[in-house]
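K.L.:
Starting from these lines, generate the structure:
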Amino acid sequence: MANMGLMWRVCGFSLVAVVVSGHAAFGQTAKSKSASAAKPGMAVWSPEVQQTLGVAEQNFKAEGLNNLTKMQLVALLASARIDPRRQILTCPASGTMSGGRIHVLVTVTGDDPTGDIATSIKQAVGAMNGVDLVDSAAKADKVLHLVVEKMTTGRGTIGFVASYLTATPCTSESAGKKTDVELKGSLGTGTAVKVADLAKDLTTMLDHDLQPLRSGTPQ
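P.N.:
Residues are numbered from 1 along each chain as shown. Sure, this is the predicted structure:
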């Protein structure tokens, strides 16, 4: 079958990967269960979002922020507001990885009652070259947060939409008090027909996001 392009939205620019026909392109318009109205407890746009993250109201859904919970958005805004002039920020993942291995924490929320989606995605991430999965941010060099929703019709599930956010775990110290924080990395959203396709496409995005760590470039 003919190949088609898959476009990821990554922090204001696009990363194009080639995938086999049958994948739904990340970033395309798709009707999910929450398309008609925001779910209770989900993130909504505010002037603070534009001031802190540079995301206008008309781009809020396109960047996948509407699929975050209110608390996830609050955490994202808090990490983006860190002022190094007032705080000492320590990020272990700021240089070459020890032994050439990158430790990644994956969190999955949303429509995954059996845990099968999380398992498939974690297996795909764990199979990436030079990547080890960990179970806490304290052990991680990079964190991948996902909110997954099923796309449905009257006939049942037709695919999945996922919003992702990568982050670098750090420690902020101010006035002698240390706090765990995360620095925002790549942010985006997309769709796939099958969970296996979704997992594969996420690893393509994550592999690009990990390149600075692979090369030892400071974060």
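K.L.:
helices or strands next to the longest helix that the chain contains in the packing?
P.N.:
Across the chain, the helix with the greatest residue count (assigned by DSSP state H) is helix 195-209. Helices and strands touching helix 195-209, by 3 or more Cβ pairs under 8 Å, 6 or more residues apart in numbering; DSSP states H and E, are strand 3-10, strand 13-20, helix 116-126, strand 142-153, strand 156-174, strand 177-192. Every residue, glycine included, has its C-beta placed from N, CA and C.
K.L.:
I'd like to know which elements whichever helix or strand comes after it is packed against.
P.N.:
Using DSSP states H and E, the helix or strand that directly follows helix 195-209 along the chain is helix 211-215. Applying 3+ Cβ pairs under 8 Å, 6+ apart, we find helix 211-215 packed against no helix or strand.
K.L.:
buried sites along helix 211-215?
P.N.:
P212, L213 (16 or more other Cβ atoms under 10 Å).
K.L.:
what about that helix, average pLDDT?
P.N.:
For helix 211-215, the mean pLDDT works out to 82.
K.L.:
send the alpha carbons of it over as PDB?
P.N.:
Provided in PDB are the C-alpha atoms of helix 211-215 (Å, rounded to 0.1, in the frame of the first residue of the first chain):
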ATOM      1  CA  GLN A 211      18.200  13.400  20.700                       C
ATOM      2  CA  PRO A 212      19.700  16.200  22.900                       C
ATOM      3  CA  LEU A 213      20.200  13.600  25.600                       C
ATOM      4  CA  ARG A 214      21.800  11.100  23.200                       C
ATOM      5  CA  SER A 215      24.200  13.800  22.000                       C
END
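K.L.:
Any idea how far that helix is from the middle of the chain?
P.N.:
In terms of Cα atoms, centre = their mean, to the nearest Å, the centre of helix 211-215 is set 18 Å apart from its chain centre.
K.L.:
Within its local environment, how many residues does D116 see?
P.N.:
10 (other Cβ atoms under 10 Å).
K.L.:
got the contact list for it?
P.N.:
With contact set as Cβ atoms under 8 Å, 6 or more residues apart in numbering, D116 has these partners: V195.
K.L.:
how close does it sit to L183?
P.N.:
31 Å (Cβ to Cβ, to the nearest Å).
K.L.:
One more: V147?
P.N.:
Distance from V147 to L183, by Cβ to Cβ: 19 Å.
K.L.:
Which residue of the two possesses the greater neighbour count?
P.N.:
Neighbour count, other Cβ under 10 Å: between V147 and L183, V147 has more, with 24 against 18.
K.L.:
Go ahead and confirm L187 touches L165.
P.N.:
Yes - with contact defined as Cβ atoms under 8 Å, L187 and L165 form a contacting pair (5.3 Å).
K.L.:
Those two: who's more crowded?
P.N.:
L165 (26 against 22).
K.L.:
For T152, see how far away the residue lying closest to that one once chain neighbours are set aside is.
P.N.:
The spatially closest residue to L165, leaving aside those adjacent along the chain, is H145, at 4.6 Å (Cβ to Cβ, 6 or more residues apart in numbering). In this view, H145 and T152 are 23 Å apart by Cβ to Cβ.
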